[in-house]
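Peer 1: Could you look at this predicted model? Sequence included:
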Amino acid sequence: MTSWKQRFADIRAYEDYLAHTGIAIRKFFLNVSRKEHLLERLDRSDKHWKFNSQDVHEPEYCDDYMHAYEEMVRHTSTPESPWYVVPADKKWFTCLVAADAVVQALDSFGVGYPKVDAAKRKQMEQTRAILEVEDG
């Protein structure tokens with residue numbers, strides 16, 4: 001088995017273990033366009049340290065990068081630990097997609113408020129009656 005195939009298998013095994021213990025796993029690949037990525041490094045002083053003039057030549061490797069990303073997503077996405085590939089040039093959209101995925105994951109647990117039995121309801125009614133008498 002090649003090293004990447006073994007790594008993919010290890011990732012799936014670990015994520016399966018986490019899912020079986022009740023942990024919801026959602027993975028996000030935030031796909032920022034090259035232009036947005038480089039312009040941010042040029043425009044924001046807090047990102048200047050990341051700038052490298054060689055980044056302009058990265059498109060030569062774009063096909064290799066895309067192949068690697070596709071392989072990673074294909075081999076490590078499962079129903080229990082899906083990947084979300086999200087266009088990330090617009091932060092509001094990125095946040096919306098991520099928030100929706102988190103809400104869906106929480107909903108999948110099927111957790112609701114505990115049921116109140118008849119005895120508890122009777123106690124609540126008695127408490128309400130006492131409070132209403134106190135109010136006058």
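Peer 2: Alright, I've got the coordinates.
Peer 1: Report the central residue of the chain.
Peer 2: With distances taken as Cα atoms, centre = their mean, residue 26 lies nearest the centre of the chain, 4.3 Å away.
Peer 1: From residue 11, how far off is residue 18?
Peer 2: 11 Å (Cβ to Cβ, to the nearest Å). C-betas here are computed from N, CA, C, even on glycine.
Peer 1: Then residue 108?
Peer 2: Where residue 11 is concerned, residue 108 sits at a distance of 21 Å (Cβ to Cβ).
Peer 1: Neighbour count: these two, which is higher?
Peer 2: Higher neighbour count among residue 108 and residue 11: residue 11, with 16 against 9, using other Cβ atoms under 10 Å.
Peer 1: For the more buried one, identify the helix or strand it belongs to.
Peer 2: Element membership for residue 11 (DSSP states H and E) is helix 3-20.
Peer 1: got a list of contacts for that helix?
Peer 2: Under the contact criterion Cβ atoms under 8 Å, 6 or more residues apart in numbering, helix 3-20 has outside partners 1, 25, 71, 72, 75, 76, 78, 80, 81.
Peer 1: Great, nothing more from me.
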